[in-house]
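Undergrad: Could you work out the structure for the sequence below:
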Amino acid sequence: MHTTLLVIIVLIVLIGIYILATYNRLVTFKNRVKEAWSDIEVQMKRRYDLIPNLVETVKGYATHEKTTLDAVLKARNTAMQATGNMSSKAQAENALSGTLKSLFALSENYPNLKANQNFLELQRELIDTENKIQSSRRFYNSNILALNTKLEMFPSNVIGSTFGFTKQEFFKLTDNEQEARQPVKVSF
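TA: Model (predicted):
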């Protein structure tokens, strides 16, 4: 009788320790996702700050390309104001990336612009920022994968749902995957 009681107590303690450890792992994954999203936001803020400077530099050389410049600024403002779920934020960011490609393609028509040191430096910084955003997105998605996997595995899924943990959305390239697979067309 004494041994049975001791075994039951040990089992209860072990189950409690497992639940506590699983809960703490889920909290860690959730916080890593928040950290990864914060990294993306920092890089996007940097990009938002660089774009007006780049557009102003291009304006001096390409005054009749107002449509392209306006599209870049409009996409920037839309991306800055995007709220809601991850899909809507990703869509706004993808639209901004597309307009930036057209801005860089536009510079090919203006040799003086391509030689302008200020433009080259802004372009280099923006390209560097785009690379950092891509890296941050990969880091974010890997943390989402870890959290979502843990939330789908038994018995951690029971513990996760008991404490209100939910699966998160990946940062996707675009809703239209066929469009994303097409090469960027640049024409002059």
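Undergrad: Need the mean per-residue confidence for stretch 54-70.
TA: For stretch 54-70, mean pLDDT is 74.
Undergrad: Same question for the helix or strand harbouring Lys101: list its buried residues.
TA: Assigned by DSSP states H and E, Lys101 belongs to helix 86-106. Under the neighbour-count criterion of 16 or more other C-beta atoms under 10 Å, helix 86-106 has 89-97, 99-100, 102-103, 106 buried. Every residue, glycine included, has its C-beta placed from N, CA and C.
Undergrad: so after it, what's the next helix or strand?
TA: Beyond helix 86-106 in the direction of the C-terminus, DSSP H and E gives the next helix or strand as helix 111-115.
Undergrad: which helices and strands sit right next to the helix holding Lys101?
TA: The criterion is 3 or more C-beta pairs under 8 Å, 6 or more residues apart in numbering; DSSP states H and E, and the helices and strands that helix 86-106 contacts are helix 2-59, helix 66-81, helix 117-152.
Undergrad: Any chance of a markdown table for the ones you listed, columns distance to Pro111 and mean neighbour count?
TA: Shown next, in a markdown table, are the helices and strands packed on helix 86-106 (distance: least, C-beta to C-beta, whole Å; neighbours: other C-beta atoms under 10 Å):
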| stretch | distance to Pro111 | mean neighbour count |
| --- | --- | --- |
| helix 2-59 | 13 | 14 |
| helix 66-81 | 17 | 16 |
| helix 117-152 | 12 | 16 |
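Undergrad: Could you identify which of those helices has the lowest mean pLDDT?
TA: Looking at the helices and strands packed on helix 86-106, the weakest mean confidence is helix 66-81, a mean of 83.
Undergrad: now Tyr110: how far from Lys101?
TA: Noted for Tyr110: a distance of 16 Å to Lys101, by C-beta to C-beta, to the nearest Å.
Undergrad: Over to Leu26?
TA: Separation of Leu26 from Lys101 (C-beta to C-beta): 39 Å.
Undergrad: got the contact list for the residue most central in space within the chain?
TA: For the chain, the residue nearest the mean C-alpha position is Arg137 (4.0 Å; C-alpha atoms, centre = their mean). The neighbourhood of Arg137, defined by C-beta atoms under 8 Å, 6 or more residues apart in numbering, consists of Ile40, Phe171.
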